[in-house]
Every structure is written in C-alpha cells, then in structure tokens.
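I'd like to go over a predicted model; first the sequence, then the structure.
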Amino acid sequence: MASLDDILTTQKNAVVALNNLTTVLQRGQGTLTSETVTASTLVITGGGRLVNFAVVVAGSENGKIHDSATVAGISASNAICATPQTVGVFQTGQTFTSGLVIAPGTGQSINITYARV
C-alpha cells in the first residue's frame, strides 16, 4: 500500500508534467497578439517565439519583422522575416532573443502572434 508521501509526490510530479506540457503548447500556438500596426513599432523586449503574422492591408511594399530591442536598432542583419504584399496569415515559428519590432512596408497593416520564453 502506498504511503501518503508517495501519493503526494506522484500528484506533484503529475502537476509539474502538466505545467511543462502547457508551456510547450503555448509556445507553439502563441499566447499574445499585438495590435495592428502601420508604422515601425516595438512590440516586446526579451526573448520568445514569433508564431505567425497577419498582413491585414497588403500595401505597396514588403515589410519586415526584426529581432531587436528598439526601433532604432533594426537592420537587415536582424530581420527575422519579410511581410509580403499579400493579405493573409503566415506561419513562422521563428525564435527571437532581443525583442520584436514590426516594420511594415508602405501602406501595410500587420499584427503578430507570439509567445514569451
């Protein structure tokens, strides 16, 4: 027969495992969505995972999403992905370490879904 300590330890281990599973699922699906932006905007600082982005208005020029802690710090070398001139939702699954800056192209409106690490 199991002791009370054994039962409580088993229950604790199940809660920890469920917590870990929830964290992994949230990273894959995203837990936060930005507002729709039309100008270069810092969305979050720190690390995480860019799950997808939605181009709401196509515009006349491609934009980019950058791994940067500031709008002033964006450059070609820290671009995570380009945002096409096509309305729709695009899956990315990209990790970032510094932060996320959305830099829409001319006339574009974009929002992103992401998860913090």
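That came through fine.

How many residues are close by the closest residue to S40 other than its chain neighbours?
Leaving aside its sequence neighbours, S40 sits nearest to A103 (C-beta to C-beta, 6 or more residues apart in numbering; 4.5 Å). C-beta: built from backbone N, CA, C; applies to glycine. Residues lying near A103 (other C-beta atoms under 10 Å) number 19.

And E35, by the same measure?
Neighbour count of E35, defined by other C-beta under 10 Å: 9.

would you say it is within a helix?
No - remark: E35 does not belong to a helix; assigned using DSSP: H, G, I helix; E, B strand; the rest coil, it is coil.

With I110 as the reference, measure out to it.
10 Å (C-beta to C-beta, to the nearest Å).

and what of Q11?
Q11 sits 45 Å away from I110, going by C-beta to C-beta.

Ok, L100 next?
From L100 across to I110, the span is 11 Å (C-beta to C-beta).

between the two, what contacts are shared?
Applying C-beta atoms under 8 Å, 6 or more residues apart in numbering, one finds that L100 and I110 are jointly contacted by I65.
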